[in-house]
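Novice: Sequence plus the predicted model coming up.
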Amino acid sequence: MPATSQPASATDAAANSATPTLAPNAARHDAQHSIAFFREASPYIRQHRGKVFVIAFSGEVIQLGNFRRLIQDIAISAALGARLVLVHGSRPQIDERLGSRQHPITFQHDIRVSDQAALRAAQESCGYIRIMLENMLGFALAQPGLSDNGLELSSGNFVTAKPLGVLDGVDYGFTGKIRRIRHAAIRTQLELDRIVLLSPLGYSPTGETYNLRYEQLALETAQALAADKLLFLDHTALHLPAAMTLAEARACSAQHSLLPQIVAALENKVGRVHLLDATIDGTLLMELYTRSGSGSMIAANASETTRPASTDDISGILEIIRPLEQTGTLVRRSRQQLELEIDNFLVTVLDRQVIGCAALYNTDDPTIGELACLAVDPAYRSASRGQQLLQAVIQAARTQHKQRLILLTTQTTDWFREQGFVAGEIEDLPEAKKTLYNFKRNSKVCVLTL
């Protein structure tokens, strides 16, 4: 996928008005990147308008130096029409207050044991964070071009909770678990074009307050609202594939602290979760509005298939092959050429998105087929998808009674040899293919006997 850069927000432009003016070439280059971003983002803007996204971030994320820019990006997403529910954490802020009072900080199984002092620290922390977020979001939403939408921030008593109780002999005190999310009240606020802010506190009908885990609050809220997306922003770097199935996430669960909870939620509550590294500037906008995204998407019931392509798949194929054409890995194909040749293509589709393609062409020798244009979206190159596409082409060639499969490649010879192809010569090509061989391109010939 082509790399795109995040355009600066209006607030940043105002804040940096004293910076020296860019040279004409640099300014033109920056503008071209911005144009590319908006062209890529436009279909996602349409798709996300009116959709409900739950965005959760830890207390550590709030302490990051780029947190204000993240809030600006949240405001931009709301202005573009997404309906947002924000869920924040507060663990380090609570720890700081307890530490300043020299009060013990107690956890069991990574769950805080909340006595009266810990509950008070939680209430103070959530109150402080809520005021800070209301201030930041209020400022971001008041920027020119955003305030016209009438966007406002709403927070309140949307969560009913009960005590976690005694587990394995440990009394968790005022640590609670969620009894009910008042989803109808939240939806009413969203329909009024308000961003809803949830703090990790729940209230009982008897007047008690309970300290909640923000992760569980986000998961339960996404389920209750049937949210279209649930996004977790964490302060730690991700070393995970861009897309994972539930089984793959289970296998990686030791690699990130949030994965075990995400896996449990995917098994029981939500359909998919996006995990993002909040230290990356623009990560939220890239995940929501670019094809490559920025984080890792884990889906419980991802529907993936390899099938013959149709004209509806052409745009998806072009998005995958254009970057490879620009580097010279693939020969350039126009949209018109793809329309004429679409019957030769197979595509791998994940949740209605084309993530891979390959073509099988006939040659003037009916016993020889040509493999071409095998490509997989970089975000989905895990799980041996390239090999799966190749096997689908091989099966199609055998169905057509081909005896050999040939291909021309400039940069992927080693990979094809690993799949069983052997080095060939120009003389191994069918006659018509020899005539068309581009000596300037100097492609290597690879042959597979079927």
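Specialist: Received it, and whenever you're ready, just let me know what you need. Numbers count the residues shown, from 1 in each chain.
Novice: Low-confidence ranges, the stretch 251-400 of the chain, go.
Specialist: 268-269, 301-303, 351, 382-383 (pLDDT under 70).
Novice: For it, which segments count as strands?
Specialist: With strands called from DSSP state E, counting those that start in this stretch, the stretch 251-400 of the chain shows them at 272-277, 296-299, 304-308, 345-350, 353-362, 368-376.
Novice: The last one versus strand 353-362: what angle between them?
Specialist: Going by axes from the mean of the first three to the mean of the last three C-alpha atoms, to 10 degrees, strand 368-376 is angled at 160 degrees with respect to strand 353-362.
Novice: strands paired with strand 368-376, and their directions?
Specialist: Using DSSP bridges, the strands paired with strand 368-376 are strand 353-362 (antiparallel), strand 404-409 (parallel).
Novice: quick one: Q63 and P92 touch, right?
Specialist: Yes. Judged on C-beta atoms under 8 Å, Q63 makes contact with P92 at a distance of 6.4 Å. The way it works is simple: take the backbone N, C-alpha and C, and place the C-beta from them, glycine included.
Novice: is it possible to export the strands paired with strand 368-376 to CSV including mean neighbour count and distance to S334?
Specialist: What follows is these, written out as CSV (neighbours: other C-beta atoms under 10 Å; distance: least, C-beta to C-beta, whole Å):
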stretch, mean neighbour count, distance to S334
strand 353-362, 21, 15
strand 404-409, 21, 19
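Novice: And the helices in the stretch 51-200 of the chain?
Specialist: Ranges of helices in the stretch 51-200 of the chain, per DSSP state H, counting those that start in this stretch, are 59-62, 67-79, 91-100, 116-141, 183-191.
Novice: closest to R333 out of the ones you listed?
Specialist: Closest approach to R333 among the helices of the stretch 51-200 of the chain is made by helix 67-79 (34.6 Å; C-beta to C-beta).
Novice: Buried residues, the closest one. List them.
Specialist: F67, R69, L70, I71, Q72, D73, I74, A75, I76, S77, A78, A79 (16 or more other C-beta atoms under 10 Å).
Novice: for stretch 419-427, same thing?
Specialist: F421, G424.
Novice: That stretch spans what distance, first to last residue?
Specialist: One end of stretch 419-427 to the other measures 22 Å (C-alpha to C-alpha, to the nearest Å).
Novice: how far out from the middle of the chain is that stretch?
Specialist: Put simply, stretch 419-427 sits 39 Å off its chain's centre (C-alpha atoms, centre = their mean, to the nearest Å).
Novice: pLDDT (mean, whole number) over that stretch?
Specialist: Taken as a whole, stretch 419-427 has an average pLDDT of 90.
Novice: can I get the strands of the stretch 251-400 of the chain in TSV with distance to L98?
Specialist: Listed next are the strands of the stretch 251-400 of the chain as TSV, based on distance: least, C-beta to C-beta, whole Å:
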stretch	distance to L98
strand 272-277	28
strand 296-299	33
strand 304-308	47
strand 345-350	45
strand 353-362	46
strand 368-376	49
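Novice: Touching stretch 298-315 from outside, list them.
Specialist: Stretch 298-315 is contacted from outside by 243-246, 248-249, 259, 262-263, 266-267, 270-275, 317, 335, 338-339, 342-343, 345-352, 354, 356-357, 388-389, 392, using C-beta atoms under 8 Å, 6 or more residues apart in numbering.
Novice: Burial check on the closest residue to Q116 other than its chain neighbours, number of neighbours?
Specialist: Sequence neighbours aside, F174 is the residue nearest to Q116 in space, at 7.1 Å (criterion: C-beta to C-beta, 6 or more residues apart in numbering). Neighbours of F174 under the rule other C-beta atoms under 10 Å: 23.
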